[in-house]
Each structure stands twice: as structure tokens, then as C-alpha cells.
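Colleague: Compute the structure for the input listed below.
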Amino acid sequence: MELVIIDDTEIPNQEILYRRIPPEQMKFEGGQWRVSTGAFTTRQASVNLASRISPEEILGSYPTHSLVSFTASNIRELGCLLAKETGDTDPSHFLVCREGDLNQRISKTIATNLIKKVSWVRFNPPQSTT
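Modeller: Numbering: from 1, shown residues only. Okay, the predicted model is just below:
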């Protein structure tokens, strides 16, 4: 997989980014649901630009998933950047990666700080498996 770093001026800091959250990446704590750090502690966190795709298009094939949003500046302030995979033809799709090493995992500390900044766009509480 070859990643291409996108110039910061191409995607403005105020750009809203969407991330799809499967039910298993949510936790019930303190009387409310929140996103688990596992949703972001990956080498490349897949996101979509809100200016190029609707929440309905993202969630269309994933009826049990939720959707959160945050801004490009939120990830940049935490030492991450937006990258594009060579050959990816979806103009809305980008990857959040650690700055300096695109293949290094996003740390739990970065994920924890990012989760504090996310907003629910669509919330689908996980169904009980008991």
C-alpha cells in the first residue's frame, strides 16, 4: 500500500471528517455510550470528508454502525495528518496517520484525546448480546 501525503492547504483545518464506528468499538461508561479508543488505535484510520459525502452514503450498507465527526484541525493538533492511498478513486476517502511515520499505529493517548473532540452524527446504540 502506497500512501501519498496531502498538502495541508488542500484540506482546510475546518473540514469536518466522518468516521464510521461499529458497535464493538463503543463502550458504556458513566451512564452513556462513548467511542472506544480501539476505533482510532490503528495504523491508518479511515475517514471521509463531510464536504464530499453524506452520512447516509457512509452508513448505507452499515445499519448498525454509528457515525462521529471531528475536524481536520483536531487531528493535526494531535500530531496526525491526512493521507491518500494511491489508486483510491473515492474523492471523499482519506486516512488519518501519525505524522512522520504513516505506518506507525495511532497511540492510545492520541486516540483518547481525539475521542474528547468527537461529536455523534448518527448514534445507533449497540444491541445487547445477552
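
Colleague: Could you pull up the residues touching the closest residue to residue 23 other than its chain neighbours?
Modeller: Excluding the flanking residues, the one nearest residue 23 by Cβ to Cβ, 6 or more residues apart in numbering is residue 126, at 3.7 Å. Yep, even glycine has a C-beta here, placed from its N, CA and C like the rest. For residue 126, the contact set (Cβ atoms under 8 Å, 6 or more residues apart in numbering) comprises 23, 24, 26, 33, 64.

Colleague: Just give the number of residues close to residue 111.
Modeller: Per other Cβ atoms under 10 Å, the neighbour tally for residue 111 reads 20.

Colleague: what is the rounded mean pLDDT of the strand or helix carrying it?
Modeller: Assigned by DSSP states H and E, residue 111 belongs to helix 108-115. Along helix 108-115, the predicted confidence averages to a pLDDT of 96.

Colleague: tell me the mean pLDDT over the following helix or strand past it?
Modeller: Moving toward the C-terminus from helix 108-115, the next helix or strand (DSSP H and E) is strand 119-122. The predicted model assigns strand 119-122 a mean pLDDT of 97.

Colleague: Strand 119-122 pairs with which strands, parallel or anti?
Modeller: Next to strand 119-122 in the sheet, as set by DSSP bridges, lie strand 66-71 (antiparallel).

Colleague: Touching the partner strand from outside, list them.
Modeller: With Cβ under 8 Å, 6+ apart, strand 66-71 has contacts from 13-21, 23, 26, 35, 50, 55, 58-59, 114, 117-124.
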